[in-house]
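>>> Structure of the sequence below:
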Amino acid sequence: MTGDSTNAYFGSWLNAPTHHLWLQTEGLRLLAFAKASKVEQGFANLDARGYLPAGAVAETMNTARMTHSFAMAHVQGIPGCLELVEHGVSALLGPLRDAKYGGWYAVAEHRDGNTGKAAYLHAFVALAASSALRAGVASADELLAKAVAVIEEHFWSEEEGALRESFARDWTEEEAYRGANSNMHGTEAFLALADATGDSRWLERALEIVERVIHGHAANNDFAVIEHFDRNWQPLPDYNVDNPADGFRPYGTTPGHAYEWARLVLHLEAALQRAGYAAPDWLLHDAVGLFDSACRYAWNVDGAPGLVYTLDWQNKPVVRPRLHWVHAEAAATAAALLKRTGAQRYEVWYRRFWDFIDRRFIDREHGSWHHELDANNVPAATIWAGKPDLYHAYQAVCLPQVGLAPSLTAALVELSTVPSVM
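Residues are numbered from 1 along each chain as shown. You can find the predicted model right below:
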């Protein structure tokens, strides 16, 4: 342990059984809401009241995230979730998959006209397959093998030590862009793949990504994560300057990703140590730097509490709405740093983030969490409409209850394993 330990008077919510009960209860609420997203070809986006809009179609991102989340719930012993995991796996092996060229469409049978293949989506398919395998779904091994094959053949660049971004349907016309976001979720998927396959190369690849994106770029940018690069990994600081509120590639820096990266860096450190590697000392240093930078520049920066969505290169707010996933990641990362260091300041932030989520994001009238608040912390829908996402919030209530390694679904399996009484 490093840093100042939490003193006995202050205590820690992470050690409080009632806090764990609160997290578990909130998780059950989230799951109950999300089950309505099931459609014939996978899982679709729900509106703000928890209904499927007219014409709702299955999407690969939502289907993979739901499959992963319901797999976590199943291994925790929550009834009714296994069939949802099986449904998700079937959809990812069926209508969401390109049977001719391999890989996955963004929308079932590419009904939106988008036939491109994105690393971001394929990372979530790999994560879903890894979790479904832990849940005991019979066809999960087939899904896992297909996801690994596509990542190995098309997305992973041994030369770059990172993921390529996207291709046309037939794997031609590679996009002249590299993204931190897709590589961040690639890192998450690689941690899960290492646990699912027993192949430590996935940990080595995750370290290569982190060393490039975080230790090589963010650490030299006051720990603000650079999101957009050209094919040669040169930063593109003006990318999407005319579309700053893009839901996936916004202009400037995204503090929510700084939190998410910080947590993944700590998971990587723990996974490397668990596998017998000598984890670099800079992993903890960089995780602390990412967290501190995001807190310093994004929290309460415009006179109202909460974390803004994006900042410019002078760390001034650009897109001021508060998004639920940003706060979910902030709370989960504070918990991870508290576990890793024992420093009381992370307990302070952990409580602050959950207090804000409880007061502002949790929708006790219609269910789930508001996905977006405006700059005055009133529910809004300028960036994300409805409540399509279970993944971020459900992980946020699960992560404080387990250690930093193995990956989350595997950790929940270990938590749920009770030795037999002979």
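>>> what are the ranges of the strands in the stretch 101-250 of the chain?
Taking DSSP state E, counting those that start in this stretch as the criterion, the stretch 101-250 of the chain carries its strands at 117-118, 156-157, 162-163, 166-167, 178-179, 228-229.
>>> okay, those, which one's buried deepest?
Looking across those with neighbours counted as mean count of other Cβ atoms under 10 Å, the highest average goes to strand 162-163: a mean of 27. No exception for glycine: its C-beta is placed from N, CA and C like everyone else's.
>>> contact partners of that one?
Here strand 162-163 makes contact (Cβ atoms under 8 Å, 6 or more residues apart in numbering) with 119, 123, 151, 155-157, 178, 182-183, 186, 208-209, 212-213, 233.
>>> TSV please, covering the strands of the stretch 101-250 of the chain and showing distance to Gly94 and mean pLDDT.
Supplementary listing: these in TSV, determined by distance: least, Cβ to Cβ, whole Å; pLDDT from 0 to 100:
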stretch	distance to Gly94	mean pLDDT
strand 117-118	17	96
strand 156-157	25	98
strand 162-163	25	98
strand 166-167	22	98
strand 178-179	28	98
strand 228-229	34	98
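>>> Tell me how far Thr409 lies from Ala73.
From Thr409 across to Ala73, the span is 10 Å (Cβ to Cβ, to the nearest Å).
>>> low-confidence ranges in the chain?
When the per-residue scores of the chain are filtered using pLDDT under 70, the ranges that remain are 1-10, 109-114, 418-422.
>>> the helices in it, which residues?
According to DSSP state H, the chain carries its helices in the segments 17-34, 60-75, 82-93, 119-134, 140-150, 180-197, 201-210, 255-274, 282-298, 324-341, 344-356, 391-398, 408-416.
>>> other SSEs contacting the second one?
Helices and strands touching helix 60-75, as assessed by 3 or more Cβ pairs under 8 Å, 6 or more residues apart in numbering; DSSP states H and E, comprise helix 17-34, strand 42-43, helix 82-93, helix 119-134, helix 391-398, helix 408-416.
>>> helices or strands up against the shortest one?
The elements that strand 42-43 packs onto, with contact taken as 3+ Cβ pairs under 8 Å, 6+ apart, are helix 60-75, helix 82-93.
>>> so which of those helices gets nearest Cys295?
Across the helices and strands packed on strand 42-43, Cys295 has its closest neighbour in helix 60-75 (26.3 Å, Cβ to Cβ).
>>> Buried residues of that closest one, list them for me.
With burial defined by 16 or more other Cβ atoms under 10 Å, the residues of helix 60-75 counted as buried are 60-75.
>>> Relative to Pro53, which of the residues you listed is nearest.
Closest approach between the buried residues of helix 60-75 and Pro53, by Cβ to Cβ: Asn62, at 13.0 Å.
>>> Just give the number of residues close to the nearest residue to the closest one once chain neighbours are set aside.
Closest residue to Asn62 apart from its sequence neighbours, by Cβ to Cβ, 6 or more residues apart in numbering: Phe43 at 4.9 Å. A total of 31 residues lie near Phe43 under the criterion other Cβ atoms under 10 Å.
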